[in-house]
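[1] Provide a 3D model corresponding to the input given below.
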Amino acid sequence: MKTKKKIYDASRPPVRVIYFLLVNFLKLVAVFLMRARLSKDPAIKKLEGPVIALGNHPSFLDPVYMAMAFWPRHVHFVTSSTFYRVRFVRFILQASRTIPKVQFRTDTQAVKHMLKVVHKNGVLGIYPEGQRSINGSMLSIDGTITRFIKKTGCSIVIVHVKGAYLSWPRWSDSWIRMGKVFIETKVLLRANQVMRLDERSIESKIYEALSYNEYAWQSKKRIKYYSPAPARGLHHLCHKCPSCGKDLAMRSKNFLVACEACGFSLRVDLRGFLHPLSSDDQKIKLPATPFEWHIWQVNQMVDQFSHEGYTLEQKAELQVVNKKAGKFQRLSHGKISFDEQGIMFTSDANEPVCHKKFPVLNRGGFIASFGKHFELVLADEVYRFLPDLGQSVILFADAIRAVQIIRSQDSNSCVAETISE
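    From the prediction side, this is the model:
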């Protein structure tokens, strides 16, 4: 007789030993390696009923900082379902009662888990950006979170982290940099205030409370983040040469990032700022930070997509998740084409026939490991693209952002025309 499979319930209390060991071990890493300092609002302890904790998301260790802020109270984190693919990681996450969610799309199962946590007066940990910051600044916020907050009427606590991106940039190949991380917490809205405000007012307050730009903050703090190779991996984010304009031309190593095409190079210091090496380069208007470089890069992409018929193309392998094995398996190799309509994959002539189209309308982003691969969901299937040039992953991330900017500009233009008429 077959035993009935247990249904995972994320609203239950965690396995105490595992949660205690996990949080406190990572707390030691944060305090002694990252020199994390917590400023805790005493009003948090006095909150009654369910709480939704919202945090900015500059680094991989952000859930640790939020867990520290609420300790000993347990936090049910909404986590990317991609982490559940690895058996051991899945065991740890389930023991900690995290909530798996498919990124950048509606996930009804995740919402059910979240509502259960609220009904049991628990703490929900959510990162409204949906992914770690790409360039050290805030990404767009998922509007469905505001609707969820309004519907449930929970108190809102903000956990705002500064210095975490500089300690461990998403693009970095040199792991953690020893510096300083500051964790600030505050009660943003109590339950009765949430009930009185409309969704737009709540969203505005959340955006204002979470907004950040690490390089603007660092320009005042000037904190050193020690690493033997602070530039290593920067070409995964900043691929376009500011001097000759060539795409995918930059390479990084130790303290330097340089263009293979024209030889232009910049030095990255321990504070995260960029410096030209030659006197000729100093005459050019150059980015002072990776953030400025990336914004310039996106704006260049906006100009390219503004020309009718522009298409971004790269060669790549396409994989799909085998649901039984939980692993990716190869489908085909071919060409990725990106235009304003979306991403199209067309297999090579000598490969298994495969044609897929992925719309990008209203897509907040995609799951990505910069320099390696990115993933998209289509009809409940998860597809992974592995470009022949791994550096080109950032091209597609920037392209999605560029198309969103163009559509936003067109929308605003239409509104202005309607008003003028």
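
[2] Go through this structure and flag its longest strand.
    Counting residues, the longest strand found in the chain (DSSP state E) is strand 327-339.

[3] Mind listing what's buried along that strand?
    By neighbour count, with 16 or more other Cβ atoms under 10 Å as the criterion, the buried positions of strand 327-339 are 328, 331-334, 336-339. To be clear about C-beta, it is placed using only N, CA and C from the backbone, and glycine gets the same treatment.

[4] Same question for stretch 197-216.
    Residues 202-203, 205-206, 209-210, 212-215 are the ones in stretch 197-216 that count as buried (16+ other Cβ under 10 Å).

[5] what distance separates that stretch from the centre of its chain?
    Mean-position distance between stretch 197-216 and its chain equals 17 Å (Cα atoms, centre = their mean, to the nearest Å).

[6] One more: stretch 293-302?
    Here the centre of stretch 293-302 is set off from its chain's centre by 18 Å, with Cα atoms, centre = their mean.

[7] Extract the CA atoms of it and return them as PDB.
    Coordinates of the C-alpha atoms in stretch 293-302 are reproduced here as PDB (Å, rounded to 0.1, in the frame of the first residue of the first chain):
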ATOM      1  CA  TRP A 293      28.700  52.700 -16.600                       C
ATOM      2  CA  HIS A 294      25.700  50.400 -16.600                       C
ATOM      3  CA  ILE A 295      23.200  53.200 -16.900                       C
ATOM      4  CA  TRP A 296      25.100  54.600 -19.900                       C
ATOM      5  CA  GLN A 297      25.100  51.100 -21.400                       C
ATOM      6  CA  VAL A 298      21.300  50.700 -21.000                       C
ATOM      7  CA  ASN A 299      20.800  54.100 -22.600                       C
ATOM      8  CA  GLN A 300      22.900  53.100 -25.600                       C
ATOM      9  CA  MET A 301      20.700  50.000 -25.900                       C
ATOM     10  CA  VAL A 302      17.600  52.300 -25.800                       C
END
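
[8] if you average pLDDT over it, what comes out?
    Rounded to a whole number, the mean pLDDT of stretch 293-302 is 95.

[9] Low-confidence stretches in the stretch 301-421 of the chain?
    Scanning the stretch 301-421 of the chain with the threshold set as pLDDT under 70 gives 361-365, 410-421.

[10] same question, the stretch 151-300 of the chain
    Across the stretch 151-300 of the chain (using pLDDT under 70), the flagged ranges come out as 279-283.

[11] That one: strands as residue ranges?
    Secondary structure of the stretch 151-300 of the chain (DSSP state E, counting those that start in this stretch): strands located at 155-162, 181-189, 250-253, 256-259, 265-268, 274-276.

[12] Using TSV, lay out the buried residues of stretch 197-216 together with distance to Ile18.
    TSV is the format used below for these (distance: Cβ to Cβ, whole Å):
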residue	distance to Ile18
Ile202	34
Glu203	35
Lys205	35
Ile206	31
Ala209	31
Leu210	29
Tyr212	31
Asn213	36
Glu214	32
Tyr215	37
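
[13] Could you let me know which of those ends up closest to Leu28?
    Sorting the buried residues of stretch 197-216 by how near they are to Leu28, with Cβ to Cβ, puts Glu214 at the top with 23.8 Å.

[14] Check whether the closest one really touches His57, as I assumed.
    No - when contacts are counted by Cβ atoms under 8 Å, Glu214 is not listed as touching His57 (11.8 Å).

[15] Name the residues contacting each of these two.
    Contact criterion Cβ atoms under 8 Å, 6 or more residues apart in numbering; residues shared by Glu214 and His57: Ser133.

[16] still on that earlier bit, contacts for the longest strand of the chain, please.
    The set of residues that contact strand 327-339 without belonging to it, under Cβ under 8 Å, 6+ apart, is 85, 305, 309-322, 343-348, 351-354, 360, 383-385, 387, 396, 399.

[17] Make a PyMOL selection of the buried ones in these.
    Isolation of the buried members of the contacts of strand 327-339 (16+ other Cβ under 10 Å) is achieved in PyMOL through the command below:
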select buried, resi 305+312+314+316+317+318+319+320+321+343+344+345+346+347+354+360+383+384+385+387+396+399
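
[18] So which of the contacts of strand 327-339 sit within strands?
    Using DSSP E, the members of the contacts of strand 327-339 that fall in strands are 312-322, 343-347, 383-385, 387.

[19] and the strand or helix carrying Ile145 with strand 181-189, angle?
    For Ile145, the enclosing helix or strand under DSSP states H and E is helix 143-152. With axes from the mean of the first three to the mean of the last three Cα atoms, to 10 degrees as the criterion, the two stretches helix 143-152 and strand 181-189 enclose an angle of 50 degrees.

[20] Give the buried residues for helix 143-152.
    Buried positions in helix 143-152, judged by neighbour count with 16+ other Cβ under 10 Å: 145-146, 148-150, 152.

[21] In JSON lines: those, plus distance to Leu274.
    Rendered in JSON lines, the data for the buried residues of helix 143-152 read as follows (distance: Cβ to Cβ, whole Å):
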{"residue": "Ile145", "distance to Leu274": "34"}
{"residue": "Thr146", "distance to Leu274": "36"}
{"residue": "Phe148", "distance to Leu274": "40"}
{"residue": "Ile149", "distance to Leu274": "39"}
{"residue": "Lys150", "distance to Leu274": "42"}
{"residue": "Thr152", "distance to Leu274": "44"}
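
[22] Which of the residues you listed sits closest to Ile52?
    Among the buried residues of helix 143-152, and counting by Cβ to Cβ, the member closest to Ile52 is Ile149, at 5.9 Å.

[23] Show the contacting residues for the closest one.
    52, 156, 194, 202.

[24] Show the buried residues in those.
    Among those, those classed as buried by 16+ other Cβ under 10 Å are 52, 156, 194, 202.

[25] did I read that right, the first one in a strand?
    Going back to what we said before, that points to Ile52. Yes - the assignment for Ile52 (DSSP: H, G, I helix; E, B strand; the rest coil) places it in a strand.

[26] what about the nearest residue to Ala231 once chain neighbours are set aside, how many neighbours?
    Using Cβ to Cβ, 6 or more residues apart in numbering and skipping residues adjacent in sequence, the residue nearest Ala231 is Val268, 4.0 Å away. Residues lying near Val268 (other Cβ atoms under 10 Å) number 22.
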